[in-house]
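Undergrad: Need the 3D shape of this:
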Amino acid sequence: MPRDLSAIRRQLTAAIDINSENQLLALIRSNSFLLYPLYTRKFTIGPPFHELSFGGERRCDFAWLNDDSDGPEWVLVEMEPPAMRLFNADGYAGGPLHHGIEQIRSWRRYFNENPGEKRRIFGAVANFRFILVGGTRAAWAERNASRWRIDMQENERIEIRSSGIFMDAINECEVRTEGLWSFDENPFTLPQGGLANYVETHPYLNLWRQRLT
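TA: Next comes the predicted model:
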């Protein structure tokens, strides 16, 4: 589908400049291709869903299925302000960053403690991939931030990406439009209401549901 990349770039730049998580979320919901750099499989993508709620007040901003041969991997994404301050003066994670990490930890605990809910919501899960997106690329390039980020990946399996990935998606779209054809089939992220039918009717998930029972 035709995309006004210049307009999307302007909107993305504006959201980062004013550090607006809400504007960024709205932009991604209307332009799912911005999630392209976060997908491990770039073709025949699973549609992305937004605002999945579970376990009371828990909520992830985006989620999708990676249906590879090792079993269903569900990708859960937590968004934080695109230009947030990463650390306080004492070196500890600042409010938004700390909040995002705790959110993801709460998801992991909840699904470990409630395997029935995990099956009900996602159908079948071999593993989760947790991603936190927020902060600028320049901020994460600083030495202490880079080391902290590596530690999160190695010890807590939380992948951290900067808000710059969304500009990467626009740049990629400008030079390799054929590489984003799967997103033409899923141009918008979908609400949680569509997830139940997707899970119930997906042949791959039904096969793995039997294998993982």
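Undergrad: can you pull out the helices in this protein?
TA: 5-17, 21-30, 95-113, 115-122, 137-141, 143-156, 164-175, 181-185, 195-201, 203-211 (DSSP state H).
Undergrad: Ile131 is nearest to which of the ones you listed?
TA: Proximity to Ile131 (Cβ to Cβ) singles out helix 95-113 among the helices of the chain, at 8.5 Å. (Each C-beta comes from the backbone N, C-alpha and C, glycine too.)
Undergrad: about what we covered before: redo the helices of the chain as a markdown table? Include mean pLDDT and mean neighbour count.
TA: Formatted as a markdown table, those follow (pLDDT from 0 to 100; neighbours: other Cβ atoms under 10 Å):
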| stretch | mean pLDDT | mean neighbour count |
| --- | --- | --- |
| helix 5-17 | 97 | 15 |
| helix 21-30 | 98 | 18 |
| helix 95-113 | 96 | 16 |
| helix 115-122 | 95 | 15 |
| helix 137-141 | 96 | 14 |
| helix 143-156 | 95 | 13 |
| helix 164-175 | 94 | 17 |
| helix 181-185 | 87 | 16 |
| helix 195-201 | 95 | 14 |
| helix 203-211 | 93 | 14 |
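Undergrad: of all the ones you listed, which lies closest to Glu51?
TA: helix 21-30 (8.7 Å).
Undergrad: elements contacting the closest one?
TA: helix 5-17, strand 49-54, strand 71-79 (3 or more Cβ pairs under 8 Å, 6 or more residues apart in numbering; DSSP states H and E).
Undergrad: how about the ones you listed in TSV, adding distance to Val175?
TA: Below are the helices and strands packed on helix 21-30 laid out as TSV (distance: least, Cβ to Cβ, whole Å):
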stretch	distance to Val175
helix 5-17	11
strand 49-54	27
strand 71-79	25
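Undergrad: Which of those sits closest to Asp168?
TA: helix 5-17 (10.8 Å).
Undergrad: helices or strands next to the closest one in the packing?
TA: Using 3+ Cβ pairs under 8 Å, 6+ apart, helix 5-17 is in contact with helix 21-30, helix 164-175.
Undergrad: Now do the last one and helix 5-17, the angle between them.
TA: Same thing as helix 164-175. 170 degrees (axes from the mean of the first three to the mean of the last three Cα atoms, to 10 degrees).
Undergrad: Show me the contact partners of helix 164-175.
TA: Helix 164-175 has contacts (Cβ atoms under 8 Å, 6 or more residues apart in numbering) with 3, 5, 8-9, 12, 24, 28, 33-38, 133, 136-137, 179-180.
Undergrad: Neighbours of Pro191, how many?
TA: Other residues near Pro191 come to 12 when the count uses other Cβ atoms under 10 Å.
Undergrad: mind starting the numbering at 478 from now?
TA: All right, first residue 478 from here; so that's Pro668.
Undergrad: Phe599 is nearest to which of the helices and strands packed on helix 498-507?
TA: strand 548-556 (5.2 Å).
Undergrad: Okay, now the sheet partners of the closest one, with direction.
TA: Here strand 548-556 has these sheet partners by DSSP bridges: strand 535-545 (antiparallel), strand 604-610 (parallel).
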